[in-house]
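# Below are the sequence and a predicted model; questions follow.
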Amino acid sequence: MFPEANKGYSYEDCKATADWLLAQTDVRPTVGIVCGSGLGGLADMLKDQVAFNYKDIPNFPQSTVHGHAGRLVFGTLKGRPCVCMQGRFHLYEGYPIHKITLPIRIFKLIGVETVMLTNAAGGLNQDFKVGDIMIIKDHLNMPGFAGINPLSGPNDERFGVRFPCMSDAYDRELQQMAMDVGQELGYGDFLKEGIYCVLGGPSFETIAESRMLHKLGVDAVGMSTVPEAIIARHCGMRVFALSLITNHAVMDYDSEEKANHEEVLQTGKQRAEQLERLVSTMVTKIEHNNNYV
Ligand SMILES: O=P(O)(O)O[C@@H]1C[C@H](O)[C@@H](CO)O1
């Protein structure tokens with residue numbers, strides 16, 4: 001069942017994993033959530049949980065990063081059937097890019113229509129503060145510039161077209177919904193929007209790199225999300241994504257600040273409750289056919 005790294009997973013491999021999951025649970029999720037570093041608490045919001053350790057799911061990679069529990073959780077969120085990845089995969093873990101994005105195709109094959117991606121990221125926008133939530137409106141795919149794209153290799157039309165459009169990667173209605181819900185919840189002061197850039201990691205950025213990204217118009221930098229968004233759009237799912245700004249990307253040689261994973265996880269804990277409320281309220285407003293109510 002394990003294909004060669006550069007060949008990716010076939011439609012049949014993905015279908016086998018999807019069918020295996022569907023046989024284990026009656027939950028039929030239409031919303032799929034991916035928890036970023038330190039944001040696994042989002043999965044704990046689900047009621048009537050049916051949870052699987054990644055190691056027990058055919059074809060699934062294993063989580064290797066602290067703050068990514070490695071569980072796929074099915075359940076309901078205020079009555080809506082959802083599935084939640086409590087832990088994602090990153091290029092720097094050594095996984096080929098097709099493996100990182102495999103769960104997103106599984107989402108599609110089990111009936112998910114809307115994907116909500118979350119991540120921890122370093123803030124480059126000078127107006128951003130640690131603890132801000134940035135709604136992602138667009139991305140820069142740095143590994144993609146070097147040919148590392150989850151759609152490289154043969155294209156299977158059963159998933160989507162050879163050359164998918166990405167100018168509409170992040171659903172505008174869902175961005176507006178997040179803004180509206182954020183205002184209703186009183187989050188106006190820390191709810192922002194911006195452009196996310198993915199790098200390979202695991203080293204954090206140098207000062208020169210951060211300065212370059214800032215000049216390019218990047219608002220937040222991280223190590224995930226973009227490959228998942230590309231795969232989700234390729235197979236026709238709607239994508240909403242947000243970054244929790246967990247630290248400032250250092251851009252000044254006099255600065256004493258040093259990016260570190262502990263700070264990332266700590267900021268996640270501090271904003272967990274608000275983030276959960278934002279995501280869960282949005283889920284209640286996403287209709288089965290993906291309309292915004
Ligand atoms: O999975 P995400 O993108 O939230 O994780 C970020 C990027 C690195 O994996 C880690 C660095 O602290 O957090």
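Received the coordinates, thanks.
# what about the closest residue to the ligand within the chain, is that helix, strand or coil?
Nearest to the ligand in the chain, going by C-beta to the nearest ligand atom, is residue 36, at a distance of 2.8 Å. For every residue, glycine as well, the C-beta is placed using N, CA and C. Secondary structure state of residue 36, per DSSP: H, G, I helix; E, B strand; the rest coil, is coil.
# Quick one: residues contacting the closest residue to it other than its chain neighbours.
Leaving out its chain neighbours, the residue that sits closest to residue 36 by C-beta to C-beta, 6 or more residues apart in numbering is residue 119, at 3.7 Å. For residue 119, the contact set (C-beta atoms under 8 Å, 6 or more residues apart in numbering) comprises 36, 37, 39, 196, 222, 224, 225, 241, 242, 243, 244.
# and this structure, which residues reach the ligand?
Neighbours of the ligand within the chain, by C-beta under 6 Å from any ligand atom: 36-37, 65, 88, 90, 119-120, 201, 222-224, 261, 264.
# For the stretch 51-200 of the chain, which segments count as strands?
71-77, 80-86, 114-123, 133-141, 191-198 (DSSP state E, counting those that start in this stretch).
# give me the low-pLDDT residue ranges for the chain?
In the predicted model of the chain, residues 1-7, 288-293 satisfy pLDDT under 70.
# which one's the longest helix in it?
In the chain, with assignment by DSSP state H, the single longest helix is helix 261-285.
# Of all residues in the chain, which one is nearest the centre?
The centroid of the chain falls nearest to residue 117 when counting by C-alpha atoms, centre = their mean (2.9 Å).
# surely that residue meets residue 244?
No: applying C-beta atoms under 8 Å, one finds residue 117 not in contact with residue 244, separated by 11.8 Å.
# Helix or strand for residue 19, just tell me which one.
For residue 19, the host element (DSSP states H and E) is helix 11-24.
# where's residue 155 relative to residue 8, distance?
10 Å (C-beta to C-beta, to the nearest Å).
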